[in-house]
Every structure is written in C-alpha cells, then in structure tokens.
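Q: Need the 3D shape of this:
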Amino acid sequence: MKIAIGADHAGYLVKEKIKNFLNSKDIEFTDYGTFKEESVDYPEFAFKVANAVANDDTVMGILICGTGIGMSITANKVKGIRAAVVNSIETAELSRLHNNANVLCLGARTIEPERIIEIVVTWMNTSYEGGRHEKRVNLISKLTGL
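A: Numbers count the residues shown, from 1 in each chain. The predicted structure follows:
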C-alpha cells in the first residue's frame, strides 16, 4: 500500500503527525504539500492527491484541512475518486466497508488530536466488503460519470 497525502495550512501539523506515523510503520507515501503553515488554497492539494489515487490503483489518499469538507468536495470531482469525510473510527471503517472510499478526508479542527492516528489505522486496515454495496458504488459512477 502506498499513500498520497496532502493538506492545506489548517491540516499541515496533522499531516506531519500522520507522516511520522507512516514512517514509523515503513508505509510508503508521497507528500503533495503544503509544506508550511501559511495560508494556501486547499483545492490545489486535494486535486494533486486525488489524481495520484485515480491514476494508480495501488495508492490510497489522505487529505486534511480544517473540516475535511473542502478537500472532499474537490477530490470527488476527479473520476474514480470516492473521498469520504471521516470523523470517528466507526465512520472510517464504514467508509471503507460500504463505500470503498479511496481517499480519507480529515478535519484538523474537528477531530480530537489523539484520535487521528486511530482513525487512519482503521481506515487503512479495513477492506471493502463488496456484495450488496457493489451495486451502489457502481451506481454512483454510472449516475455521475465519475
């Protein structure tokens, strides 16, 4: 598994925390920025990560901004992306089990800092259930053309 990771200024410190965790577990990742805490425009980073995931099915994405919402909206405009805003271990698991989310969107300002790594671990370690959910996931692509 490879991870494409990106954040805006609000998510920068959380991104660095996640990168430290990934390094400690020898999980390969590419950091698409930002590389500073100064204000930046989140769509640029969401688009870079979403394209990396869309163009390589061995890559999963993690995006962090203040709420995760802006990142999710942007990432979901890229064909093949199923970005989910997650705020708990339960929603991390369900986003993978039922929705086959390939991009995790986190809110640096909305999630307790001590939960971030637990959420990331749960999301990365949960596999898509398929079955009854396959029809729905495929219908999303059919209806949206994405």
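Q: three-state assignment of the residue nearest the centre of the chain?
A: Of all residues in the chain, the one closest to the mean position by C-alpha atoms, centre = their mean is Leu104, 2.1 Å from it. Here Leu104 is strand, with the state taken from DSSP: H, G, I helix; E, B strand; the rest coil.
Q: Counting by contacts, list what the helix or strand encompassing Ile5 packs against.
A: Here Ile5 sits within strand 2-7, counting by DSSP states H and E. Judged by 3 or more C-beta pairs under 8 Å, 6 or more residues apart in numbering; DSSP states H and E, strand 2-7 is in contact with helix 12-24, strand 28-31, helix 42-54, strand 59-65. Heads up, the C-betas are built off the backbone N, CA and C, glycines and all.
Q: buried residues in the second one?
A: It refers to strand 28-31. Of the residues in strand 28-31, 29, 31 count as buried by neighbour count, 16 or more other C-beta atoms under 10 Å.
Q: I'd like the average pLDDT over that strand.
A: Strand 28-31 shows a mean pLDDT of 98.
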